[in-house]
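> Take this sequence and fold it.
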Amino acid sequence: MVNTSGSVCPFDDLVQELGAVVSRTLSTLGCNADLTELPIEIPPRPEFGDIAVVAARLMRACRGVVKSPRELAIKLGNALKGVEGVGKVEVKGIYVNIFIDREWYGRRLLEHLKKSGDSYGVIRDLEGARFVIDYVSLNPVHPLHIGSGRNAALGEFVARALEARGAEVSRRYYVNDLGLQVAYMVYGYRAARKVRPPEGMKIDHYMGVVYAAAATSVELEQVRKQLEEARQEGGERYRELLRKADELVAAIAELRRKAPEAVDAIIEAVKKEDDPEAAVRKVLADLEFMRDEELAAIAREAVENVLVGVRETLERLGISMDAYDWESDLVKEGLVAEVLEKARRSPYYMIYRGVPALDVRKLAEDRELRKRLRIPEGLEIPPLILVRSDGTTLYTTKDIAYTLKKFRIFNADQVINVIAVEQTLPQAQVRLALYAIGHVREAENLIHYAYEMVTLPGGGMKGRRGRYVTVDQVLDTLEAHVRAELGETGREVDEEVVKAVARSAFKYMMLSVSPLKPLIFDYHKALDIRSNSAPYIMYTYARTRGIFRNLGRDEPEWEKAEPKNLEDELWRLVYLLGKAPLDMSKALRELRPEDLITAINEIANLFNSWYSKEPIIREPDKHYREFKIAITWAVSKVLENAMDVLGLDILEKI
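Numbers count the residues shown, from 1 in each chain. Okay, here's the model as predicted:
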């Protein structure tokens, strides 16, 4: 890209100058010289140069003026030979391969490092912008499981990426305390309210058992009734129901081992009901319509129990929220009623299958609107039902109201929802619904940051049965491994270091794979000290800081540093450091943590390899020594700033 906001690094210096020369050359040839982007590539092999200008991509600007991409490449190659910072130019087919003047590049790197100081690597291009990030926001019926742990790591990265770019960010957790899952938990909690949680069981883990016991017991009663009806007929349906009943009985037995008194109390309550499912539905309606103050107090207590545990887990991850917004408050504040009233006045309002809905299908037929609202191609959009037949509103309806609240309460330019890819349709419906009721700005600036599922090897999860791997369990395992590894060194184990390395390993693993790809969490990879892990990056950073501790100072002596011997690994390291701000900026703009991780891993690999072969402090040439120290300082700052954005702990010593 041609950067218009001022130079940020030596690579940027060179690309801007190349872009200016290419524009002048095109103008001289009679081509359209209005370049907003210089078509460049990074050659795959060093013998092809350091930067390649792709002449073929400029042919549209030279239509009728230049005969072929090859001819244009030759003309551009001749023009670029005299550019400052260019050492050599070779034309290969449609490519103009440029070999950088390495000493020029090294000197420019020193200038940028000295000028930028601690902020080298970060481009603040969002000053004054305001964002709301809604993340984690797990239904408050069980502890954070490993899937919601990926949500937490990604959401925190998004928030930090925007803050690094200069934006103001509000981190918000949506407490869905009116849904059907909560109704099951409240039903179970009311039945077992006098029971004390088992000794040593974390409160959110206990509430997860309560929810699962209620949901499973109600379903078992339904299956038993169906079994009685099907007994006379026999056949496959009867056998299938029998298998289902056996599975549910086994699930309840598993839950009972965790909290026997609570599960027994819930089972007894369910058995007393003529229609257990209807009883849970009544809890759902009573909570939404606020018809029972005592029940509302029980529900608040139950949800707060879960949130106590969730906050503890988030604290273990080094994550804190600015606000917890309750779904029930949206109803109390009249926001849901406001949305329903606007929907009734909308030209897209309809009665669909006997209930109020918005016919967002019509809007979804507009290709240009789909593009503006980022509705995926091929995604079929049904009408959006607003209210159930019993009068309770759907989750999506309340989400429309919550979206308006998020924009209003923080005066946000954009709201980013970090939600699983399975929510693509509901999120698309929310954007279309906002547009349908007249909130165009909000519809266009509501972003769904989607992510795929995460599992442990061989592990599936089922929250309704209380079967999941919690973030607490994963952190406990990581901490045990780190503690054992540090203990093998013979030094006293610092528990704060153990926690820092474990949570960083967790977040790094969650961020290392594209959010849109499924992730299998691998403990061995997460803690691999040799490459591509948080401990590896943390150790590399600590190594750079150790050099400065040994020097007894925090910075290079800039005026003494002279770039020399820029060959092999050192040149590659200098080259990457010289473009690190652009690489980081691109990863942050596109919210791609995996790209940032790839970039710093390459820098860490090159530094460690070079460090193992070359003396730094003991370098006899004082000018070359200061250049080596400057490169070490640059590695330190780039890693530190990237680690901060990724949410990794920054430790001077490990």
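
> Show me what the helix-or-strand element of the chain with minimal mean pLDDT is packed up against.
Ranking every helix and strand in the chain by mean pLDDT, DSSP states H and E puts strand 454-455 at the bottom, with a mean of 87. Under the contact definition 3 or more CB pairs under 8 Å, 6 or more residues apart in numbering; DSSP states H and E, strand 454-455 sits against helix 146-164, strand 519-520. Just so you know, the C-beta spots here come from the backbone N, C-alpha and C atoms, and that holds for glycine as well.

> which of those has the lowest average pLDDT?
Among the helices and strands packed on strand 454-455, strand 519-520 carries the lowest mean pLDDT, at a mean of 92.

> can you pull the contacts of S389?
By CB atoms under 8 Å, 6 or more residues apart in numbering, the residues touching S389 are 354-355.

> Quick check: the gap between it and I351.
Noted for S389: a distance of 12 Å to I351, by CB to CB, to the nearest Å.

> Mind putting the helices and strands packed on strand 454-455 into CSV with distance to L606 and mean neighbour count?
Output for the helices and strands packed on strand 454-455, formatted as CSV (distance: least, CB to CB, whole Å; neighbours: other CB atoms under 10 Å):
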stretch, distance to L606, mean neighbour count
helix 146-164, 23, 24
strand 519-520, 27, 17
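
> so can I have a markdown table of the ones you listed showing distance to F506?
Converted to a markdown table, those look like this (distance: least, CB to CB, whole Å):
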| stretch | distance to F506 |
| --- | --- |
| helix 146-164 | 7 |
| strand 519-520 | 12 |
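
> Among those, which comes closest to Y541?
Closest approach to Y541 among the helices and strands packed on strand 454-455 (CB to CB): helix 146-164, 16.9 Å.

> pLDDT (mean, whole number) over the helix or strand following that closest one?
Beyond helix 146-164 on the C-terminal side, the first helix or strand identified by DSSP states H and E is strand 168-175. Strand 168-175 carries an average pLDDT of 98.

> for stretch 564-576, same thing?
95.

> List the buried residues of it.
566, 569-576 (16 or more other CB atoms under 10 Å).

> if I read this right, L551 contacts I617, doesn't it?
Yes - at 6.4 Å, L551 and I617 qualify as touching, with contact defined as CB atoms under 8 Å.

> Which neighbours do those two have in common?
Shared contacts of L551 and I617, defined by CB under 8 Å, 6+ apart, are found at I629.

> Comparing the two, which shows the higher neighbour count?
More neighbours surround L551 than the other of L551 and I617, with 15 against 12 (other CB atoms under 10 Å).

> Which residue ranges of this structure form strands?
Under the criterion DSSP state E, the chain contains strands at 40-41, 51-54, 86-92, 95-100, 130-134, 168-175, 323-326, 349-352, 355-358, 384-385, 414-420, 446-451, 454-455, 519-520.

> So which residues make contact with the last one?
Strand 519-520 is contacted from outside by 150, 452-457, 509-510, 513, using CB under 8 Å, 6+ apart.

> Separate out the buried members of these.
Applying 16+ other CB under 10 Å to the contacts of strand 519-520, the neighbour count classes 150, 452-454, 456, 509-510, 513 as buried.

> can you tell which of the helices and strands packed on strand 454-455 is closest to E301?
helix 146-164 (22.1 Å).

> any idea how far the closest one is from the chain center?
Distance of helix 146-164 from its chain centroid, counting by CA atoms, centre = their mean, to the nearest Å, is 4 Å.

> If I take that helix and strand 446-451, what angle do their directions form?
Counting by axes from the mean of the first three to the mean of the last three CA atoms, to 10 degrees, helix 146-164 lies at 130 degrees to strand 446-451.

> Make residue 1 into 579 and carry on from there
Okay, residue one is now 579; in that scheme the one you just asked about reads as helix 724-742.

> Just the C-alpha atoms of helix 724-742, please, in PDB.
Provided in PDB are the C-alpha atoms of helix 724-742 (Å, rounded to 0.1, in the frame of the first residue of the first chain):
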ATOM      1  CA  ILE A 724     -13.100 -24.000  26.400                       C
ATOM      2  CA  GLY A 725     -15.300 -22.700  23.600                       C
ATOM      3  CA  SER A 726     -16.100 -19.500  25.500                       C
ATOM      4  CA  GLY A 727     -12.500 -19.300  26.400                       C
ATOM      5  CA  ARG A 728     -11.700 -18.800  22.700                       C
ATOM      6  CA  ASN A 729     -14.400 -16.100  22.600                       C
ATOM      7  CA  ALA A 730     -12.700 -14.400  25.600                       C
ATOM      8  CA  ALA A 731      -9.200 -14.500  24.000                       C
ATOM      9  CA  LEU A 732     -10.500 -13.200  20.700                       C
ATOM     10  CA  GLY A 733     -12.700 -10.500  22.200                       C
ATOM     11  CA  GLU A 734      -9.800  -9.200  24.300                       C
ATOM     12  CA  PHE A 735      -7.500  -9.200  21.200                       C
ATOM     13  CA  VAL A 736     -10.100  -7.100  19.300                       C
ATOM     14  CA  ALA A 737     -10.400  -4.700  22.200                       C
ATOM     15  CA  ARG A 738      -6.600  -4.300  22.600                       C
ATOM     16  CA  ALA A 739      -6.100  -4.000  18.800                       C
ATOM     17  CA  LEU A 740      -8.500  -1.100  18.600                       C
ATOM     18  CA  GLU A 741      -7.000   0.500  21.700                       C
ATOM     19  CA  ALA A 742      -3.500   0.100  20.300                       C
END
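
> So in this structure, which helix runs the longest?
helix 781-808 (DSSP state H).

> Can you name every helix or strand that it contacts?
Here helix 781-808 touches helix 758-769, helix 813-836, helix 838-849, helix 854-866, helix 871-894, going by 3+ CB pairs under 8 Å, 6+ apart.

> ranking those by burial, who's on top?
Compared across the helices and strands packed on helix 781-808, helix 758-769 shows the largest average neighbour count, a mean of 25 (mean count of other CB atoms under 10 Å).

> what's the offset of it from the middle of its chain?
31 Å.

> by contact count, what packs against that helix?
helix 781-808, helix 838-849, helix 854-866, helix 871-894.

> about what we covered before: name the residues of the longest helix of the chain that are buried.
781-799, 801, 804, 808.

> And stretch 1117-1128, by the same measure?
For stretch 1117-1128, by 16+ other CB under 10 Å, it's 1117-1123, 1125-1126.

> Format the buried ones among the contacts of strand 1097-1098 as a markdown table; extra columns: distance to A998.
Below are the buried ones among the contacts of strand 1097-1098 laid out as a markdown table (distance: CB to CB, whole Å):
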| residue | distance to A998 |
| --- | --- |
| R728 | 9 |
| E1030 | 8 |
| M1031 | 7 |
| V1032 | 10 |
| L1034 | 17 |
| M1087 | 18 |
| M1088 | 13 |
| V1091 | 15 |
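
> Am I right that I678 is in contact with V664?
Yes - look at I678 against V664 with CB under 8 Å: they come within range, at 7.0 Å.

> Look at those two and report which has more neighbours.
Neighbours per residue (other CB under 10 Å) separate I678 from V664, with I678 holding more: 24 against 21.

> List the residues that contact that one.
I678 touches 592, 628-629, 663-665, 1153, counting by CB under 8 Å, 6+ apart.

> can you rerun that using 7 Å?
For I678, the contacting residues are 592, 628, 663-665, by CB atoms under 7 Å, 6 or more residues apart in numbering.

> Also A769?
843-844, 847.

> Recalculate using a threshold of 8 Å.
A769 neighbours (CB under 8 Å, 6+ apart): 792, 843-844, 846-848.

> between these, which is nearest I997?
A792 (25.4 Å).

> if I read this right, the closest one contacts Q759, doesn't it?
No - in terms of CB under 8 Å, A792 does not count as a neighbour of Q759; the distance is 9.8 Å.

> still on that earlier bit, which one, of the helices and strands packed on helix 758-769, ends up nearest to I701?
Smallest distance to I701 across these (CB to CB): 29.1 Å, for helix 871-894.
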